[in-house]
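**Q** Give me the fold of what follows.
(one chain, ligands or ions: 1)
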Amino acid sequence: MISTEGKRILSQFGKNGFFCFFYNIERIMGLPGNMCCGDCGEKLNKDIGWASLNLGIVLCIKCAGIHRAMGTHISKIRSFRLDTNAWTDEVVRTFEKVGGNEKVNARVWEALLPSYWINPKWDKCERIREHFIRMKYQKKMFLPPDPAKINPCVCKMPFQVLQGYVDWKSTDSKKWTTQQWAVLHSRFFF
Ligand SMILES: [Zn+2]
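**A** Numbers count the residues shown, from 1 in each chain. Now for the predicted structure:
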């Protein structure tokens, strides 16, 4: 959806030159969920929005800062207002394919996010924000299950089993290890 202001400017200047980028930002922000940060839910507009080009998610400045700190191999961050050259038609088409924050979170990045997981949509404390974002994109904790990784015993069970992975840090060795967990009839197993 293009706003009335966007349509007015388009009718005056067409899709070329400087206003091409403005039009493209309108297209990205019009996708479901893109008026709010995809990580913390903060309200956005075209002047303060940021986005990750490779993750297909629109963000606020604080979450974008954490994305940037993770490195460009994980998230390629651009500003709507400052990086005017970044918003090409091709980039916009990619965002349209992804379908907006709502869809990409529900289908990919937060597909398995447990309802009890503390995240910056509830608490914007900086530590929670950073931990959540790193778990979400660096560790890929909430992605939909990879069929190749599902334990064959779980597949044979006659009822639905929730399973996932948890990271432990040993206080002695200071090393992280990953362990699989499963919930069967409200009981928690390792
Ligand atoms: Zn945010």
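
**Q** Just the pLDDT for residue 181.
**A** Each residue has a pLDDT score; the one for residue 181 is 73.

**Q** For residue 140, see how far away it is.
**A** Distance, residue 181 to residue 140, using Cβ to Cβ, to the nearest Å: 16 Å. (Glycine included, C-beta is placed from N, CA and C.)

**Q** So for stretch 29-45, what gets flagged as buried?
**A** Within stretch 29-45, the residues that qualify as buried are 29, 31, 33-42, 44, counting by 16 or more other Cβ atoms under 10 Å.

**Q** Within reach of the ion, which of those residues are there?
**A** Counting by Cβ under 5 Å from the ion, 37, 39, 40, 42 from these sit close to the ion.

**Q** Looking at these, which two lie furthest apart in space?
**A** Based on Cβ to Cβ, the longest span within those runs between 39 and 42 and measures 8.7 Å.

**Q** tell me, what's touching the two both at once?
**A** Common contacts of residue 39 and residue 42, defined by Cβ atoms under 8 Å, 6 or more residues apart in numbering, comprise 60, 63.

**Q** Show the residue spans covered by the helices in the protein.
**A** Per DSSP state H, the chain carries helices over the ranges 4-13, 18-29, 61-70, 89-98, 101-104, 126-133, 152-156.

**Q** which outside residues touch the fifth one?
**A** Same thing as helix 101-104. So helix 101-104 is in contact with 31, 32, 33, 34, 36, 37, 38, 55, 56, 57, 58, 98, going by Cβ under 8 Å, 6+ apart.

**Q** which one of those residues is nearest residue 146?
**A** residue 55 (18.3 Å).

**Q** Quick check: nearest residue in space to that closest one, chain neighbours excluded?
**A** residue 75 (5.5 Å; Cβ to Cβ, 6 or more residues apart in numbering).

**Q** so that neighbour sits right up against residue 51, yeah?
**A** No - in this structure residue 75 lies outside contact range of residue 51 using Cβ atoms under 8 Å: 9.7 Å.

**Q** Helix or strand with the lowest mean pLDDT in the chain?
**A** strand 187-189 (a mean of 54; mean pLDDT, DSSP states H and E).

**Q** could you check the distance from the spatially closest residue to residue 48 that is not a sequence neighbour over to the ion?
**A** Of all residues not flanking residue 48 in the chain, residue 61 sits nearest, at 6.5 Å (Cβ to Cβ, 6+ apart). Remark: distance between residue 61 and the ion (Cβ to the ion, to the nearest Å) = 8 Å.

**Q** Count the neighbours of residue 61 for me.
**A** When neighbours are defined as other Cβ atoms under 10 Å, residue 61 has 14 of them.
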